[in-house]
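In: Everything below, folded, please.
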Amino acid sequence: MNVRDFADSQKTHYTIVPSAKRRKLDSYDTNNVPFVRLFDGEEPESMVLQRWELYHQLYYEFHSQVDDILHEIQRDVYGSIPRAIAKGLSQCNGKYFSTLFLLGADGSTQVEAPEDDNKQINVVVDLTPKESPNLRMILRRSMFKLHSALDTKLHGNQDEADGEEVLDVEESDEQQTGSATPFTEAEEEIDGVLYDLSMIERFSKKFPKRLNLIFNFKDVDSFYFQVLEDFIWLLQATLENDQVRICFVFNINTNISNFEKNLKQNCVRLLKKNFTKLDLSHNKGHKYVNSVFKSFLNTVDGKLNLSPRFVKFILDKMNNKSNQNLPLLIKILDYSLMAYFFQNPYSMFIDLTNINHFDDKYIQGLVKCNTFMSFIEIMIKEQAPSDDILSLLENRDKALEEFFAEFLVRENPINGHLNHVVDFLEQKLGVTDFNVIELYHHMLLGTLDDFLKAWPQCNGHMEQLSFEPLEIVFQELFTLDNNNGLLTQALFPFLRSNMEDNLLNCERIFPAPTRLQTAENKLEMELNQLLDPPICRLFKLYREANAVINVYDFFTAFKETLPSKEILELLRKAVEQDELKLQPDQRDTLVKFFSGSNDDEIFDKLALVWFVQSVSECQYIGIFRTHQYKSYEAIEKIIWRGI
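Out: Purely as a prediction, here's the structure:
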């Protein structure tokens with residue numbers, strides 16, 4: 001077997017990437033903007049476009065900062081892996097293995113080898129549980145990858161196979177001119193046969209460089225540990241070779257103690273003679289989460305606030321998803337920003353230059369704001385001039401418009417004090433182990449002093465750090481909230497309740513037939529007006545049925561719920577007027593069927609088709625199954641009532 005055939009035999013799947021057709025977006029077409037016209041459809045299309053463009057501008061501004069933060073994570077966290085590998089290999093002196101435990105790593109973690117020099121060559125061999133079902137396969141697979149990586153380094157000729165860098169040795173040899181290298185001679189001797197430890201011995205004999213072999217076990221918690229242990233003991237023979245050093249890299253999702261429980265103690269002792277551990281769970285600390293949260297608040301010069309309810313929602317979800325805090329936070333903030341611009345017509349005024357579009361439509365909403373009404377009540381209690389109050393309520397001489405513009409240019413006291421507290425804690429007190437999101441939440445609730453008591457350094461500086469919540473006029477127009485549960489439904493949907501509601505009320509997912517009716521689909525729309533999708537009708541019967549349902553009785557009940565007379569009249573009319581767009585022979589067959597059968601026979605067959613289709617769909621979504629003993633007569637409900 002040559003290298004090419006062996007590579008093909010190791011493939012677990014093939015990937016086909018379709019060509020993507022890029023759309024030309026030279027200019028915005030308001031018909032394609034997914035935002036809707038607010039103010040009961042009276043918002044001008046130009047304002048919809050302004051909201052859409054401003055949303056994209058802020059989105060890309062926020063994500064440019066997020067990309068910088070993620071790049072910093074990549075540099076700080078993952079950049080330490082090659083240094084740890086190099087340090088471990090330098091300390092083992094070939095007498096024992098070097099071991100690196102990567103805590104919090106996943107399948108996407110990239111392990112890079114240290115830089116090569118004139119004395120040593122470093123090779124990373126990635127191994128996954130699928131590639132390692134037994135000792136023979138893990139050995140052949142690892143030696144094959146070693147062979148490919150060495151040939152790539154020495155010859156610089158790559159051929160991608162199975163998503164990895166694999167070289168077709170025979171093809172490379174045919175292209176070689178001049179004298180063959182020592183490694184080429186070795187390839188000819190071992191090609192297709194000796195994918196075992198003899199390959200390492202041959203390399204050490206042919207080359208003066210030391211080989212640092214790094215085995216990267218991805219998702220090691222899913223490995224067959226007996227196979228893994230046998231492989232480690234097999235590689236112990238390489239310790240006698242001074243020209244070879246081996247480093248094991250274990251990507252651990254759980255913890256080291258769970259990993260050790262699956263191995264024998266003598267194997268654990270062998271691995272821990274020279275071991276290092278790196279914690280890659282950068283979400284464990286608050287550094288990067290704090291950076292993302294602060295960058296979001298500063299995206300629009302601090303104009304946007306977050307409600308206490310929304311911040312509590314973020315904290316609760318992040319506590320439940322401790323291993324994916326950073327991606328989850330970015331996802332929540334992204335969706336909240338989109339939802340805010342989608343449903344709030346005042347969002348366009350975040351950009352002060354849009355104040356020239358202010359008109360009577362916006363005045364009505366401003367006057368109804370709770371914070372504005374509270375402000376008017378304060379003016380009345382303080383016996384302010386009635387002309388001033390009426391001018392604000394009625395926008396005389398553009399008084400309300402100017403008052404609103406003053407609010408837009410005013411600095412945000414909440415975000416300003418947050419930045420002050422964060423800088424004071426980090427720069428003057430040296431406190432860094434705090435969550436900015438939690439700090440912000442306590443600021444909004446007025447319990448910041450209680451939160452800061454956790455750090456004794458803050459006790460003497462409470463006057464500088466304390467904050468009393470403020471009610472800012474019009475702040476509800478520029479506050480992100482989760483008051484209607486939109487974020488909860490969008491990001492963490494209740495699958496069962498949503499599916500049940502959709503099956504009971506198909507209007508939730510299908511538009512009204514009259515909205516989609518055209519000359520081409522007239523028949524389809526008339527049928528949709530007569531009855532809901534068959535699965536919806538079947539589900540309503542399902543909710544009232546017993547745990548075990550007789551198939552014939554179920555079909556009879558389903559058929560009785562259908563408006564047979566109206567459906568048959570519609571179908572006969574469609575056949576007569578040739579609205580079904582059938583081939584001539586198909587139409588003749590259908591006409592013959594209608595003329596040669598009575599109405600009951602026709603409708604029985606039609607209802608049976610819909611019934612079988614609906615039952616099959618219910619089986620696919622997991623609410624039906626065939627009965628264990630009466631598979632042909634009955635079906636069984638998996639759940640007693642509902643989904």
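In: isn't residue 531 right next to residue 563, touching?
Out: Yes: counting by C-beta atoms under 8 Å, residue 531 touches residue 563, with 6.4 Å between them. From N, CA and C alone the C-beta is placed, and that goes for glycine too.
In: So residue 555 sits against residue 605, correct?
Out: No: the pair residue 555 / residue 605 is not scored as a contact, 11.9 Å apart, by C-beta under 8 Å.
In: Those two - which one has more neighbours?
Out: residue 555 (18 against 11; other C-beta atoms under 10 Å).
In: now the more buried one: how far from residue 602?
Out: Using C-beta to C-beta, to the nearest Å, residue 555 is found at 16 Å from residue 602.
In: cool, and residue 501?
Out: 34 Å.
In: the more surrounded of the two?
Out: Remark: of residue 501 and residue 602, residue 602 carries more neighbours, 18 against 15, as counted by other C-beta under 10 Å.
In: For the helix or strand containing the more buried one, which residues meet the burial criterion?
Out: Assigned by DSSP states H and E, residue 602 belongs to helix 599-621. Neighbour counts using 16 or more other C-beta atoms under 10 Å place 602-603, 606-607, 610-611, 614-615, 617-618 of helix 599-621 among the buried residues.
In: Turn the residues you listed into JSON lines, including pLDDT.
Out: JSON lines is the format used below for these (pLDDT from 0 to 100):
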{"residue": "602", "pLDDT": "88"}
{"residue": "603", "pLDDT": "90"}
{"residue": "606", "pLDDT": "90"}
{"residue": "607", "pLDDT": "92"}
{"residue": "610", "pLDDT": "93"}
{"residue": "611", "pLDDT": "93"}
{"residue": "614", "pLDDT": "91"}
{"residue": "615", "pLDDT": "90"}
{"residue": "617", "pLDDT": "89"}
{"residue": "618", "pLDDT": "87"}
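In: Show me which pair in the residues you listed is furthest apart.
Out: Farthest pair in the buried residues of helix 599-621 (C-beta to C-beta) is 602 and 618. Separation: 25.1 Å.
In: Spell out the secondary structure type for the residue nearest to residue 87 when sequence neighbours are not counted.
Out: Distances taken as C-beta to C-beta, 6 or more residues apart in numbering place residue 276 nearest to residue 87, at 7.1 Å, with adjacent residues excluded. Classification of residue 276 using DSSP: H, G, I helix; E, B strand; the rest coil returns strand.
In: does residue 276 really touch residue 100, like I thought?
Out: Yes: with contact defined as C-beta under 8 Å, residue 276 counts as touching residue 100 (5.2 Å).
In: State the helix or strand in which residue 489 lies.
Out: Assigning secondary structure by DSSP H and E places residue 489 in helix 486-491.
In: circling back to that earlier point, right, and out of the buried residues of helix 599-621, which lies closest to residue 58?
Out: Ranked by distance to residue 58 (C-beta to C-beta), those are led by residue 617 at 42.1 Å.
In: residue contacts, the closest one?
Out: Each residue near residue 617 by C-beta atoms under 8 Å, 6 or more residues apart in numbering is listed here: residue 535.
In: measure it to residue 611 for me?
Out: Counting by C-beta to C-beta, the gap from residue 617 to residue 611 is 11 Å.
In: same check, this time on residue 335
Out: Distance from residue 335 to residue 611, by C-beta to C-beta: 40 Å.
In: Dihedrals phi and psi, the closest residue to residue 109 other than its chain neighbours?
Out: Nearest in space to residue 109, with sequence neighbours left out and distances taken as C-beta to C-beta, 6+ apart, is residue 251 at 5.8 Å. With angles defined as degrees, to the nearest 10, residue 251 sits at phi -90, psi 110.
In: who's residue 251 bridged to?
Out: Residue 251 forms beta bridges with residue 102, as assigned by DSSP bridges.
In: That one: how many residues sit nearby?
Out: 24.
In: list the contacts for it?
Out: 102, 105-107, 109, 216-220.
In: who touches the closest residue to residue 84 other than its chain neighbours in this structure?
Out: Excluding its sequence neighbours, the residue lying closest to residue 84 (C-beta to C-beta, 6+ apart) is residue 276, at 5.1 Å. With contact set as C-beta under 8 Å, 6+ apart, residue 276 has these partners: 84, 87-88, 98-101.
In: The same query, at a cut-off of 6 Å, please.
Out: 84, 88, 100 (C-beta atoms under 6 Å, 6 or more residues apart in numbering).
In: Most neighbours of all those residues, which one?
Out: Of the contacts of residue 276, with other C-beta under 10 Å as the count, residue 100 tops at 23 neighbours.
In: Am I right that it is in contact with residue 248?
Out: No: assessed by C-beta atoms under 6 Å, residue 100 is found out of contact with residue 248, at 7.1 Å.
In: Common neighbours of those two, please.
Out: Common contacts of residue 100 and residue 248 (C-beta under 6 Å, 6+ apart): none found.
In: any low-confidence regions in the stretch 51-200 of the chain?
Out: 94, 107-108, 156-195 (pLDDT under 70).
In: Outline the domain layout of the protein.
Out: 43-66+286-479, 92-152+193-279, 494-637 (the TED database).
In: distance between the longest one and the chain's centre?
Out: Same thing as domain 43-66+286-479. 26 Å (C-alpha atoms, centre = their mean, to the nearest Å).
In: and that domain, how far apart are its ends?
Out: 21 Å (C-alpha to C-alpha, to the nearest Å).
In: swap in stretch 251-258?
Out: 13 Å.
In: For the stretch 451-600 of the chain, just list every one of the helices.
Out: 462-465, 486-491, 495-504, 513-516, 522-530, 534-544, 551-560, 564-576, 584-596, 599-621 (DSSP state H, counting those that start in this stretch).
In: so where is the stretch 301-450 of the chain shaky, pLDDT-wise?
Out: Looking at the stretch 301-450 of the chain by pLDDT under 70, you get 321-324.
In: Which stretches in it count as strands?
Out: Here the stretch 301-450 of the chain has its strands, by DSSP state E, counting those that start in this stretch, at 305-306.
In: All the helices of it, residue numbers only.
Out: Under DSSP H, counting those that start in this stretch, the stretch 301-450 of the chain gives helices at 308-320, 325-343, 360-367, 370-381, 386-394, 399-409, 413-423, 436-445, 448-452.
In: Report the buried residues of the longest one.
Out: Under the neighbour-count criterion of 16+ other C-beta under 10 Å, helix 325-343 has 325-326, 328-330, 332-334, 336-342 buried.
In: Would you mind getting the angle between that helix and helix 308-320?
Out: Angle of helix 325-343 versus helix 308-320, following axes from the mean of the first three to the mean of the last three C-alpha atoms, to 10 degrees, is 150 degrees.
In: And for the fifth one?
Out: Here helix 386-394 points in a direction 50 degrees away from that of helix 308-320 (the same axes, to 10 degrees).
In: quick one: contacts of helix 386-394?
Out: So helix 386-394 is contacted by 379, 399-400 (C-beta under 6 Å, 6+ apart).
In: how about it: buried residues?
Out: Under the neighbour-count criterion of 16+ other C-beta under 10 Å, helix 386-394 has 391-393 buried.
In: can you redo the residues you listed as TSV with distance to residue 242?
Out: Listed next are the buried residues of helix 386-394 as TSV, based on distance: C-beta to C-beta, whole Å:
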residue	distance to residue 242
391	91
392	87
393	90
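In: Would you mind measuring the gap between the ends of stretch 490-509?
Out: 15 Å.
In: Going by neighbour count, which residues in it are buried?
Out: 491, 499-500, 503, 506.
In: before we move on, back to that, show me how far the helix holding residue 489 is from its chain's centre.
Out: That offset, for helix 486-491, works out to 14 Å (C-alpha atoms, centre = their mean).
In: any idea of the mean pLDDT for it?
Out: In this model, helix 486-491 has a mean pLDDT of 77.
In: What of stretch 227-241?
Out: 90.
In: Pull it out as PDB, backbone CA atoms only.
Out: Output of stretch 227-241 as PDB, limited to C-alpha atoms (Å, rounded to 0.1, in the frame of the first residue of the first chain):
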ATOM      1  CA  VAL A 227      -5.700   2.100  23.900                       C
ATOM      2  CA  LEU A 228      -4.200   5.400  25.100                       C
ATOM      3  CA  GLU A 229      -2.300   3.700  27.900                       C
ATOM      4  CA  ASP A 230      -1.000   0.900  25.600                       C
ATOM      5  CA  PHE A 231       0.200   3.500  23.200                       C
ATOM      6  CA  ILE A 232       2.100   5.400  25.900                       C
ATOM      7  CA  TRP A 233       3.800   2.200  27.100                       C
ATOM      8  CA  LEU A 234       4.700   1.400  23.500                       C
ATOM      9  CA  LEU A 235       6.400   4.700  23.100                       C
ATOM     10  CA  GLN A 236       8.500   4.100  26.200                       C
ATOM     11  CA  ALA A 237      11.000   2.300  23.900                       C
ATOM     12  CA  THR A 238      11.900   5.600  22.300                       C
ATOM     13  CA  LEU A 239      13.300   6.900  25.600                       C
ATOM     14  CA  GLU A 240      16.500   4.800  24.900                       C
ATOM     15  CA  ASN A 241      17.200   6.900  21.900                       C
END
